[in-house]
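Chemist: let me see the structure of the following:
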Amino acid sequence: MNDSAERIQALKAEFNRGQNAAELALDTLRSAIFEGILAPGHRITEHELSDLLGMSRTPIREALAKLQAEGLIEPGARGGLAVIAFGLQEYLATFPAREALEGQAAALACVRCTVADLNRLQFYTDAMQQAASEEDLSGFSRANRLFHRTIWTIAGNPVITRFLMQLQNYALLFHHNRFGSPGREEAAIAEHLLIIQALRDRHAERVERLVKLHVANAREALEQHVETHNIKGDRTSW
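Modeler: The predicted structure is shown next:
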């Protein structure tokens, strides 16, 4: 078994928590894409994945349909399916949509948030601070994602959430599960604290403005990183 196959088997074991085969295949393959085990452009066949995951083709087919709906795989040049090749310019192009949708979600959340919601947001921000102090970029990225997803959940608009989840998937695909804006950890934490306070004050206009600025600052930091390090081409592993 090659290294990629072993890593996918390890992911399958990690995600195997009693869900049905299609859900297990989806969780495993999605994570394999985000972590770069299934690399951009990698051609995917039901036969290969069936052998790799030890499953029949039916749950594999269901998982692949959902991955395609999430924008993580696409029709390949030679037929079949392939992992989407998501480059720098495509990723930068997602920021205006993120800015608008995340700002709207935050304004909606301002009306609906509870003390328990605010505590959860503070918990994830504290987790970001702890991860930053330990230089744990994966842990920082995970807590950051959960912070944003919590706001979307509080907002209670499934259409906005669906689009934002897809945009977040693109970020994970591009950065391979690392924080998206290198060197911006402390600033991101400070911005999260301001967002929490605006939610606590139930100031919808302020929280929308703060969230839009938060997303815009992330894009600016990424562009500065690209320029400073003279990064060429579509991809980098930071």
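Chemist: pLDDT weak spots in the protein?
Modeler: Along the chain, segments meeting pLDDT under 70 span 1, 176-182, 231-238.
Chemist: which stretches of it form helices?
Modeler: Secondary structure of the chain (DSSP state H): helices at 3-15, 21-34, 46-53, 57-69, 88-92, 95-112, 115-133, 137-155, 158-175, 185-200, 204-228.
Chemist: how's the protein carved up into domains?
Modeler: Listed by automatic domain parsing, the domain ranges of the chain are 3-83, 88-228.
Chemist: just put those in a markdown table and tack on mean neighbour count.
Modeler: Where C-beta positions appear, they are placed from N, C-alpha and C, glycine not excepted. As requested, these are exported to a markdown table (neighbours: other C-beta atoms under 10 Å):
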| stretch | mean neighbour count |
| --- | --- |
| domain 3-83 | 16 |
| domain 88-228 | 17 |
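Chemist: just to revisit the earlier point, right, so of the helices of the chain, which gets closest to Leu81?
Modeler: The closest of the helices of the chain to Leu81 is helix 57-69. By C-beta to C-beta, the value is 6.2 Å.
Chemist: contacting residues around the closest one?
Modeler: By C-beta atoms under 8 Å, 6 or more residues apart in numbering, the residues outside helix 57-69 that reach it are 20-22, 24-26, 29-30, 33, 44, 46-47, 49-50, 53, 73-74, 81.
Chemist: surely Thr161 and Ala105 touch.
Modeler: Yes. When contacts are counted by C-beta atoms under 8 Å, Thr161 is listed as touching Ala105 (7.5 Å).
Chemist: which residues do these two both contact?
Modeler: Trp152, Ala155.
Chemist: tabulate the helices of the chain (a markdown table), appending distance to Pro40.
Modeler: As requested, the helices of the chain are exported to a markdown table (distance: least, C-beta to C-beta, whole Å):
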| stretch | distance to Pro40 |
| --- | --- |
| helix 3-15 | 14 |
| helix 21-34 | 9 |
| helix 46-53 | 17 |
| helix 57-69 | 14 |
| helix 88-92 | 11 |
| helix 95-112 | 20 |
| helix 115-133 | 27 |
| helix 137-155 | 19 |
| helix 158-175 | 8 |
| helix 185-200 | 26 |
| helix 204-228 | 18 |
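Chemist: and Gly76, what are its phi and psi?
Modeler: Main-chain dihedrals, Gly76, degrees, to the nearest 10: phi -80, psi 160.
Chemist: before we move on, what about Gly156?
Modeler: phi 80, psi 20.
Chemist: return the distance of stretch 217-232 from the chain's centre.
Modeler: 19 Å (C-alpha atoms, centre = their mean, to the nearest Å).
Chemist: CA atoms only for that stretch, dumped as CSV, please.
Modeler: Below are the C-alpha coordinates for stretch 217-232, written out as CSV (Å, rounded to 0.1, in the frame of the first residue of the first chain):
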residue,chain,number,x,y,z
ASN,A,217,-8.1,42.4,5.9
ALA,A,218,-7.6,38.7,5.3
ARG,A,219,-7.5,39.2,1.6
GLU,A,220,-5.1,42.2,2.0
ALA,A,221,-2.8,40.1,4.2
LEU,A,222,-2.8,37.3,1.6
GLU,A,223,-2.0,39.6,-1.2
GLN,A,224,0.8,41.2,0.7
HIS,A,225,2.2,37.7,1.5
VAL,A,226,2.1,36.8,-2.2
GLU,A,227,3.9,40.1,-3.1
THR,A,228,6.4,39.9,-0.3
HIS,A,229,7.5,36.4,-1.1
ASN,A,230,7.2,36.9,-4.9
ILE,A,231,4.9,33.9,-5.3
LYS,A,232,4.3,32.9,-8.9
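Chemist: need the contact list for Val215.
Modeler: Contacts of Val215 (C-beta under 8 Å, 6+ apart): Phe95, Arg98, Glu99, Glu102, Gly103.
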